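**Q** Sharing a sequence plus its predicted fold:
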Amino acid sequence: MMHMTFYWGTKVTILFDAWTTNSYTSYAISLLACFLIAVFYQFIEGWRIKLKLLASSNPQSSLEAPLIQSKLVGAGKSSSKIAGSIVFGINSAIGYMLMLAIMSFNAGVFVAIVVGIAVGFFVFRSGDDDDQVVVDNPCACA
């Protein structure tokens, strides 16, 4: 039976039929895994922002008139766009998987993921560099 309200319990299926907990030990390990995945999500997001800062600090990539795009951009720009797109895709996939895990409606899973995101933000993204970047991700999970 799928729960449609939050519940506290050690029997939960997270994302896949194979990821089912039936004991306190498996539940605790699953909560730890959810926590670590949420921390990793913030690590990847912080890494993506730092890469974006490094790319924007390159004097050759910034133009005098920011509304005009240069047609003379070399292969370095396109490879950094491809790498940035791959990192963004991975980060988005992790974010949506975390959202789906929360949709198990298990309160322990919810708390583990929210605390993991908060700890990951504190460790990886609470520095001074974040204030200088406007994140172009309209997704609420970023």
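**A** Nice, thanks for sending it over.
**Q** Tell me the gap between stretch 113-131 and the middle of its chain.
**A** Taking Cα atoms, centre = their mean, to the nearest Å, one finds the center of stretch 113-131 at 11 Å from the center of the full chain.
**Q** Name the residues of it that are buried.
**A** Ile113, Gly116, Ile117, Gly120, Phe121, Phe124, Arg125, Asp130 (16 or more other Cβ atoms under 10 Å). Heads up, the C-betas are built off the backbone N, CA and C, glycines and all.
**Q** Run through who's touching whichever strand or helix holds the second one.
**A** Secondary-structure element containing Gly116, defined by DSSP states H and E: helix 107-124. For helix 107-124, the surrounding residues in contact (Cβ atoms under 8 Å, 6 or more residues apart in numbering) are 6-8, 12, 14, 27, 30-32, 34-43, 45-47, 98, 101-102.
**Q** Between helix 107-124 and the helix or strand bottoming out on mean pLDDT in the chain, find me the angle.
**A** Ranked by mean pLDDT, DSSP states H and E, the weakest helix or strand in the chain is helix 75-102, scoring a mean of 87. Orientation of helix 75-102 against helix 107-124 (axes from the mean of the first three to the mean of the last three Cα atoms, to 10 degrees) gives an angle of 150 degrees.
**Q** Having no further points to raise, I will conclude here.
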